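Colleague: could you look at this predicted model? Sequence included:
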Amino acid sequence: MVTDVRSETAVTKAYRLSVNPDVDILLRRADLPRAIEAMQAGGFFYHQTCGVDMFLDGPDTKPSEAVQVIFAHEKVKESDLHLTPDVDDSEQGTFPCSH
């Protein structure tokens, strides 16, 4: 059986976008070089456009489909009233799962 990898990739990407179209990662700015290295090892490409840092999951990925980097303890937009939390600022929560 011959498989068209491009078709499978398109289907996988479409499914991922339909499940969770907006994926962000919270990082300390100082950790960005290590994150780039780790994400590249996983097949992602680091990209920056219009001052927004992101990871693309392939060379044909659009910025709107990327994993956007949010920097810890900074404003996302200049007009934001509050800084983002630090990566250590978290609380144990529950994630609703269906089995």
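Modeller: Done, it's in.
Colleague: low pLDDT regions in this structure?
Modeller: Segments of the chain classed as low confidence (criterion: pLDDT under 70) are 1-21, 95, 97-99.
Colleague: what about the strands in it?
Modeller: Counting by DSSP state E, the segments of the chain that form strands are 23-27, 45-49, 52-56, 67-71.
Colleague: I'd guessed Gly58 sits against Glu65; true?
Modeller: No: shown here, Gly58 and Glu65 do not form a contact pair, counting by CB atoms under 8 Å, at 9.2 Å. Where you see a C-beta, it was placed from the backbone N, CA and C, and this is true even at glycine.
Colleague: so these two - more neighbours on which side?
Modeller: Comparing Gly58 with Glu65 by neighbour count (other CB atoms under 10 Å), the higher total belongs to Glu65, at 18 against 11.
Colleague: distance check, that one against Val23.
Modeller: Distance of Glu65 to Val23, given as CB to CB, to the nearest Å: 9 Å.
Colleague: ok, now Cys50?
Modeller: The spacing between Cys50 and Val23, counted by CB to CB, is 18 Å.
Colleague: can you check Asp80 too?
Modeller: Plainly put, Asp80 is 20 Å away from Val23 if you go by CB to CB.
Colleague: which of those two has more neighbours?
Modeller: Val23 (15 against 10).
Colleague: not counting its neighbours along the chain, what's nearest that one?
Modeller: Take Val23 and drop its neighbours on the chain: the residue closest to it by CB to CB, 6 or more residues apart in numbering is Val67, 4.8 Å away.
Colleague: that's all I had, so thanks and see you.
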